[in-house]
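Enquirer: next input, structure requested:
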Amino acid sequence: MEPLRNMLLAGLGALGYGKEKLQAMVEAMVDKGELTREQGERVIGGWVERGKEEQANLSSRVSEEMQKVVVKLSLVTRADYDALAARVEELEKHLGDRG
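Expert: Just a heads-up that it's a prediction; the model follows:
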């Protein structure tokens, strides 16, 4: 299990290689008898799942930080802009009816 432990400790480095590189590394370990095919599949599946979780986490954190920037800089959001545009359109219709 030492090779498996070492591979897991490589962690983020292995993620940087991408799924194909990780598969090649695992396949080489299976060919050498350092891992069983089942262990290799679990490792790959675990890293793929971890990558998806990290991507979702990063996306969420970026979104939160962007919201903070919008608030801090007092920027108008698209929803605010659309609501204001709708109000202006209604006012223009109302004023147009009077003229």
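Enquirer: and the next element down the chain from the helix ranked longest in the chain?
Expert: For the chain, the helix with the greatest residue count under DSSP state H is helix 37-72. Downstream of helix 37-72, the next assigned helix or strand under DSSP states H and E is helix 78-98.
Enquirer: low-confidence ranges, this protein, go.
Expert: Where the chain drops to pLDDT under 70, the residues are 1-17, 99.
Enquirer: what packs against the longest helix of the chain?
Expert: helix 2-10, helix 12-31 (3 or more C-beta pairs under 8 Å, 6 or more residues apart in numbering; DSSP states H and E). For the C-beta atoms, the positions are set from N, CA and C on the backbone; glycine is no exception.
Enquirer: Leu35 contacts Arg42, correct?
Expert: No - between Leu35 and Arg42 there is no contact under C-beta atoms under 8 Å: 9.2 Å.
Enquirer: more neighbours, these two?
Expert: Leu35 (22 against 14; other C-beta atoms under 10 Å).
Enquirer: Met29 touches Gly40, doesn't it?
Expert: Yes - at 6.7 Å, Met29 counts as touching Gly40 under the criterion of C-beta under 8 Å.
Enquirer: between the two, who's got more neighbours?
Expert: Gly40 (22 against 19).
Enquirer: so who does the more buried one touch?
Expert: Gly40 makes contact with Val26, Glu27, Met29, Val30, according to C-beta atoms under 8 Å, 6 or more residues apart in numbering.
Enquirer: distance check, it against Glu20.
Expert: According to C-beta to C-beta, to the nearest Å, Gly40 stands 14 Å off from Glu20.
Enquirer: what are the buried residues along the longest helix of the chain?
Expert: For helix 37-72, burial by neighbour count (16 or more other C-beta atoms under 10 Å) applies to Gln39, Gly40, Val43, Ile44, Trp47.
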